[in-house]
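In: need a 3D model of the sequence below.
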Amino acid sequence: MAAGSPETDDLDWKSELPPAKGLSQTDFPKDVAAMANSGGGVIVYGVTEWQKAATGRVDVGEFDEAYERSLRSAAITAISPPVFGLAVQALGDEGRRAVVVVVPASVDGPHMIYRNEYFGA
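Out: Residues are numbered from 1 along each chain as shown. Next up, the predicted model:
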């Protein structure tokens, strides 16, 4: 990642991972659904940004197999139709860890999210 690299429709910078508890109530399902609807893309956690351009790296903290499962589960249970096939990869060592989520393009769209009484695309 080069500093100053801008976000695009298929690339989204995030500084921190969403909380594992209540993941379906965060922006994660919305971000995954939007990318699946628009041809797929990549969400990178552990990147600071300013005006939608990458400015540096930050550690996302502990990331284990259970957390990875919760990301995959949210893409299936909080989105309709479900988004299958997320590729999730932790990069870097402890203290400088980033997590990359690759969202596949989907032919099953439009994918919608449900959050309490809210229903959206």
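In: three-state assignment of Gly109?
Out: coil (DSSP: H, G, I helix; E, B strand; the rest coil).
In: contacting residues for it?
Out: Shown here is Gly109, whose contacts under the criterion CB atoms under 8 Å, 6 or more residues apart in numbering are Ala36, Asn37, Pro81. For every residue, glycine as well, the C-beta is placed using N, CA and C.
In: give me the buried entries from these.
Out: Members of these that pass the buried threshold by neighbour count (16 or more other CB atoms under 10 Å) are listed as Ala36, Asn37.
In: pLDDT score assigned to the residue lying closest to Phe84 once chain neighbours are set aside?
Out: When the adjacent residues along the chain are set aside, Phe84 lies closest to Ile76, with 6.7 Å between them (CB to CB, 6 or more residues apart in numbering). We have a pLDDT of 93 for Ile76.
In: got it, and Asp9?
Out: Looking at Asp9, its pLDDT is 79.
In: surely it and Ser38 touch.
Out: Yes - the pair Asp9 and Ser38 qualifies as a contact (CB atoms under 8 Å) at a distance of 5.7 Å.
In: how many neighbours does Gly90 have?
Out: One thing to correct before we go on: residue 90 is Ala, not Gly. Ala90 is surrounded by 16 other residues when neighbours are defined as other CB atoms under 10 Å.
In: now do stretch 53-71: distance from first to last residue.
Out: Terminal residues of stretch 53-71 are spaced 25 Å apart (CA to CA, to the nearest Å).
In: do stretch 35-46 as well
Out: Across its full length, stretch 35-46 reaches 19 Å end to end, with CA to CA as the criterion.
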